[in-house]
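K.L.:
quick check, what structure comes out for this input:
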Amino acid sequence: MILRIKATPNAKQNEITGWEDAPMIGPVLRIRIQSPPIDGKANKALTSFLADSLNIPKSKVKLIKGHNSRIKTFEIPDNIKLPGQK
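P.N.:
Now for the predicted structure:
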């Protein structure tokens, strides 16, 4: 499954804030991450936080696009129930 995330680094705490519609992209899951966007720290923290939040191993969460962008595309297993998903 492809999951698009809008990441906000340098947050007070790691948290999922919900879904929003991004122009020309569609639905994205907003996640706030404490780590700074330096040397891939925020990407690593986001991957770990996402795996922990979905109760899956980190090896099953792959960042496939957006390494240097706030909008990131992850690949996760198909059978995962996402937060706030209907």
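K.L.:
which residues of the chain fall in helices?
P.N.:
Counting by DSSP state H, one finds helices in the chain at the ranges 41-54.
K.L.:
flag the shaky bits of it, pLDDT-wise.
P.N.:
Scanning the chain for pLDDT under 70 picks out 84-86.
K.L.:
any idea how far Ile38 lies from Asn68?
P.N.:
Per C-beta to C-beta, to the nearest Å, Ile38 is found 11 Å from Asn68. For glycine as for every other residue, the C-beta is placed from the backbone atoms N, C-alpha and C.
K.L.:
ignore what I typed, I meant Pro77.
P.N.:
Look at Pro77 and Asn68: by C-beta to C-beta, they are 26 Å apart.
K.L.:
again, but for Ile56
P.N.:
Per C-beta to C-beta, Ile56 is found 25 Å from Asn68.
K.L.:
those two: which is more packed in?
P.N.:
Ile56 (15 against 8; other C-beta atoms under 10 Å).
K.L.:
what sits against the more buried one?
P.N.:
Contacts for Ile56 (C-beta atoms under 8 Å, 6 or more residues apart in numbering) come out as Ile76, Pro77, Ile80.
K.L.:
filter those down to the buried ones, ChimeraX style.
P.N.:
In ChimeraX, this line selects whichever of the contacts of Ile56 come out buried by 16 or more other C-beta atoms under 10 Å:
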select :76
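K.L.:
columns distance to Met1 on top of the contacts of Ile56, output as CSV?
P.N.:
Putting those into CSV (distance: C-beta to C-beta, whole Å) gives the following:
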residue, distance to Met1
Ile76, 5
Pro77, 7
Ile80, 7
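K.L.:
of the contacts of Ile56, closest to Ala7?
P.N.:
Of all these, Ala7 sits closest to Ile76, with 15.2 Å by C-beta to C-beta.
K.L.:
for Glu1, give me its contacts.
P.N.:
No Glu there; residue 1 is Met. Here Met1 is in contact with Glu75, Ile76, Pro77, Asp78, Ile80 (C-beta under 8 Å, 6+ apart).
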